[in-house]
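Participant: prediction below, plus the sequence it came from.
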Amino acid sequence: MVEKERVQTPPKGGVFVAHARVLDAEDIKRAIQRMAHEIVERNHGLDNVVLIGLQTGGVMVAEMLTEALSKISGTSPPQGTLDVALHRDDIGMRPVIPEAVTDISVDLDGATIVIADDVLFTGRTIRAALDALCDFGRPKEIQLAVMVDRGHRELPIRPDYVGKNLPTRISEIVDVSPEGVDLGTVEK
Amino acid sequence: MNSTPSRSLLSIEGMTKSDIEEILDLTDTFDEIGRRPIPKVPALRGRTVATVFFENSTRTRLSFETAARRLSADTMSFGAGSSSLSKGESIRDTVEVIEAYGADVLVVRHPAAGIAQRIDNWTDALVVNAGDGCHEHPTQALLDAYTLRKHKGSLNGLRIAIVGDIRHSRVARSDVLAFTMLGAEVVLVAPPTLLPPSLEGWPVTISYDLDEVLPTLDVCYLLRMQNERISEGLIPSVREYTADYGLNIKRAATLPKDALICHPGPTNRGIEIEAAVASDPRSVILDQVSNGVSIRMAVLFLLLGSGRNLGATSELEGGQ
């Protein structure tokens, strides 16, 4: 899914070539475990906590967090998915993918939302997500969990839970999958 | 065909199967927005959609305007009755005025076939044909295909009857093209006077007997019977038409249990469809109406929202 989005994305469109593996599958599991504990600690349990995975890369992160949270607390928090394509400020530069489904069936009024995404970069995706979520209700609080924070923020947005802080060059690409986190570039 | 390729949506003719499937696939995304507590996204902020209707309409006009607003576009509305057309202003001048007010898309309906194409040649704005005479009504065919696909999974292999005044129906023309392109088998059911003078090249079969066809159908698509047709001498009387081609309870009982009943609206209850049949569980007539908004959101978005060059830079890299 992530690959499809990238391949179709103008003007870059191309094939991702990994240059270095930053985290392996075990590292990702450990990072997810730690983030799950931090979520429980910060919110004194999981009451009213809702996980929202951002299409497409964040859905996997949300699923892994949900699994870890249910092992820790015995209950799994409600989960949803959100596609922010139609809320972006660079609309038209990216495809709207039919497979990227928005599915929020839980009431968000008064909820503590944890947005999950794979990579935090400029912050524009999160800006769009904040806008979109406020059309679904009035959450008490919105927090942000990302597998990788790669820097280069263009908006005043910061994560609450981070799997890995990864300094990058702006031209590099970070790829997150269950097998690991890779740093690389997109080749034409 | 137009000499310079246009991005406008003027007809189903000229579209490919994958063009249609792309729109239908994207419509799911917009359908979901319609179910949100606040059914609005900022995708087309700052764009203007003008509905330019030289002929009356409830559904088509309202659904295009609703679709535009759900995408945060501004709307402008032109109705022939209240305009300067009555003072003798030409269609071309009217279109130029609307364009000068900043319309990015003109949604056009006109009683003469081919007007949408003409307007597209006159203007730099994009044009969506919302019905031109007896020619085509492409967004109706798209929403019909979407409705059938949603209920049946696919149109491939479906047997669909289109019943009624085929001769004067732009809906029938667009539907035949779209349905057959998506793999359905279409049978036209009507008295000979209400069939087009020539069906050469139409990928359809013909029947004059609704009762014979009904048990074999997956979809029974009824068209509106217009009263004008009687004065034109094409049918002897409305009662006779209803007796032969109206879908009443008795006939509906012979339609398979999992078949669907469609109608583009407005319905003449008691003529082409009995009131009780319109509320039969197999009737998807209201689904067609609500899917109309989602389809038109997808169409407007594809015309206006995709490929807009904002000159943005860094956030374009990768999916991040």
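Facilitator: Yep, it's here.
Participant: leaving out chain neighbours, which residue sits closest to the residue nearest the centre of chain B?
Facilitator: Nearest to the centroid of the C-alpha atoms of chain B, with distances taken as Cα atoms, centre = their mean, sits B:Q140, at 1.2 Å. The shortest distance from B:Q140 to any residue that is not its chain neighbour, by Cβ to Cβ, 6 or more residues apart in numbering or on different chains, is 5.1 Å, and that residue is B:V171. Yep, even glycine has a C-beta here, placed from its N, CA and C like the rest.
Participant: helices and strands around the helix or strand where that neighbour lies, which ones?
Facilitator: With secondary structure defined by DSSP states H and E, B:V171 is part of helix B:170-181. Other elements packing on helix B:170-181 under the criterion 3 or more Cβ pairs under 8 Å, 6 or more residues apart in numbering or on different chains; DSSP states H and E are helix B:17-34, helix B:138-152, strand B:159-163, strand B:185-189.
Participant: show me where chain B has its helices.
Facilitator: Secondary structure of chain B by DSSP state H: the helices cover B:17-34, B:59-70, B:91-100, B:115-122, B:138-152, B:170-181, B:210-213, B:228-231, B:238-245, B:249-252, B:275-278, B:285-300.
Participant: what's the least confident stretch among those helices?
Facilitator: If those are sorted by mean pLDDT, helix B:228-231 sits at the bottom with a mean of 72.
Participant: just give me how far it sits from the chain centre.
Facilitator: Helix B:228-231 has its C-alpha centroid displaced from the chain centroid by 24 Å (Cα atoms, centre = their mean, to the nearest Å).
Participant: dump it to PDB, restricted to CA.
Facilitator: Coordinates of the C-alpha atoms in helix B:228-231 are reproduced here as PDB (Å, rounded to 0.1, in the frame of the first residue of the first chain):
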ATOM      1  CA  GLU B 228     -46.300  14.500 -23.900                       C
ATOM      2  CA  ARG B 229     -45.900  11.100 -25.600                       C
ATOM      3  CA  ILE B 230     -49.600  10.600 -25.800                       C
ATOM      4  CA  SER B 231     -50.300  13.900 -27.600                       C
END
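Participant: for the residue nearest to the centre of chain B, give me its contacts.
Facilitator: Counting by Cβ atoms under 8 Å, 6 or more residues apart in numbering or on different chains, B:Q140 touches B:T60, B:G131, B:R170, B:V171, B:S174, B:D175, B:P264, B:G292.
Participant: now with 10 Å?
Facilitator: With contact taken as Cβ atoms under 10 Å, 6 or more residues apart in numbering or on different chains, B:Q140 is in contact with B:12, B:59-60, B:130-131, B:169-172, B:174-175, B:178, B:264-265, B:288, B:292, B:295.
Participant: how near is it to A:G137?
Facilitator: When distance is defined by Cβ to Cβ, to the nearest Å, B:Q140 is 35 Å away from A:G137.
Participant: what are the ranges of the strands in chain A?
Facilitator: Remark: strands assigned in chain A by DSSP state E are A:15-24, A:49-54, A:79-82, A:112-120, A:141-149, A:161-165, A:173-177, A:180-187.
Participant: neighbours around the residue nearest to B:Q140, how many?
Facilitator: 24 (other Cβ atoms under 10 Å in any protein chain shown).
Participant: that one against B:F179, yeah?
Facilitator: No. Taking Cβ atoms under 10 Å as the contact criterion, B:V171 and B:F179 are not neighbours in contact, 11.4 Å apart.
Participant: quick check: neighbours shared by those two?
Facilitator: Shared between the contact lists of B:V171 and B:F179 (criterion: Cβ under 10 Å, 6+ apart) are residues B:A141, B:D144, B:I162, B:Y221.
Participant: for these, give me CSV that also has neighbour count.
Facilitator: Putting the shared contacts of B:V171 and B:F179 into CSV (neighbours: other Cβ atoms under 10 Å in any protein chain shown) gives the following:
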residue, neighbour count
B:A141, 28
B:D144, 28
B:I162, 25
B:Y221, 24
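Participant: okay, and for chain A, where does confidence drop off?
Facilitator: Counting by pLDDT under 70, chain A has low-confidence residues at A:1-13, A:93.
Participant: where's the closest residue to B:Y241 other than its chain neighbours relative to B:R229, distance?
Facilitator: The shortest distance from B:Y241 to any non-neighbouring residue, by Cβ to Cβ, 6+ apart, is to B:I235 (4.9 Å). Taking Cβ to Cβ as the measure, B:I235 and B:R229 are separated by 6 Å.
Participant: list the contacts of the closest residue to B:P215 other than its chain neighbours.
Facilitator: On the basis of Cβ to Cβ, 6+ apart, the spatially nearest residue to B:P215 that is not a chain neighbour turns out to be B:T254, at 5.1 Å. The neighbours of B:T254, taking Cβ under 10 Å, 6+ apart as the test, are B:L210, B:D211, B:E212, B:V213, B:L214, B:P215, B:T216, B:L217.
Participant: take those residues and lay them out in TSV including neighbour count.
Facilitator: What follows is the contacts of B:T254, written out as TSV (neighbours: other Cβ under 10 Å):
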residue	neighbour count
B:L210	21
B:D211	13
B:E212	11
B:V213	20
B:L214	20
B:P215	11
B:T216	15
B:L217	22
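Participant: which of these sits closest to chain A?
Facilitator: Proximity of those to chain A (Cβ to the nearest Cβ) peaks at B:L217, which lies at 29.4 Å.
Participant: show me what the most centrally placed residue in chain A is bridged to.
Facilitator: The centroid of chain A falls nearest to A:D117 when counting by Cα atoms, centre = their mean (0.3 Å). When bridges are taken as DSSP bridges, the partners of A:D117 come out as A:V146.
Participant: excluding chain neighbours, give the residue nearest to the residue of the stretch 51-200 of chain B found nearest chain A in space.
Facilitator: Scanning the stretch 51-200 of chain B for proximity to chain A using Cβ to the nearest Cβ identifies B:L71 as nearest, at 7.8 Å. Sequence neighbours aside, B:L44 is the residue nearest to B:L71 in space, at 4.0 Å (criterion: Cβ to Cβ, 6+ apart).
Participant: quick check: that neighbour touching B:V299?
Facilitator: No. With contacts counted by Cβ under 10 Å, B:L44 stays clear of B:V299, the gap being 11.7 Å.
Participant: among the two, which residue is more densely surrounded?
Facilitator: Here B:L44 and B:V299 are compared on neighbour count by other Cβ under 10 Å; more neighbours surround B:L44, at 27 against 24.
Participant: what's near enough to touch the more buried one?
Facilitator: With contacts defined as Cβ under 10 Å, 6+ apart, the neighbours of B:L44 are A:86, A:91, B:67-74, B:104-105, B:297, B:300-301, B:303-305, B:308.
Participant: buried ones among these?
Facilitator: Among the contacts of B:L44, the ones that count as buried by 16 or more other Cβ atoms under 10 Å in any protein chain shown are A:86, A:91, B:67-71, B:73-74, B:104-105, B:297, B:300-301, B:303-305.
Participant: A:A85 contacts A:R124, doesn't it?
Facilitator: No. Taking contact to mean Cβ under 10 Å, the distance of 12.0 Å between A:A85 and A:R124 leaves them out of contact.
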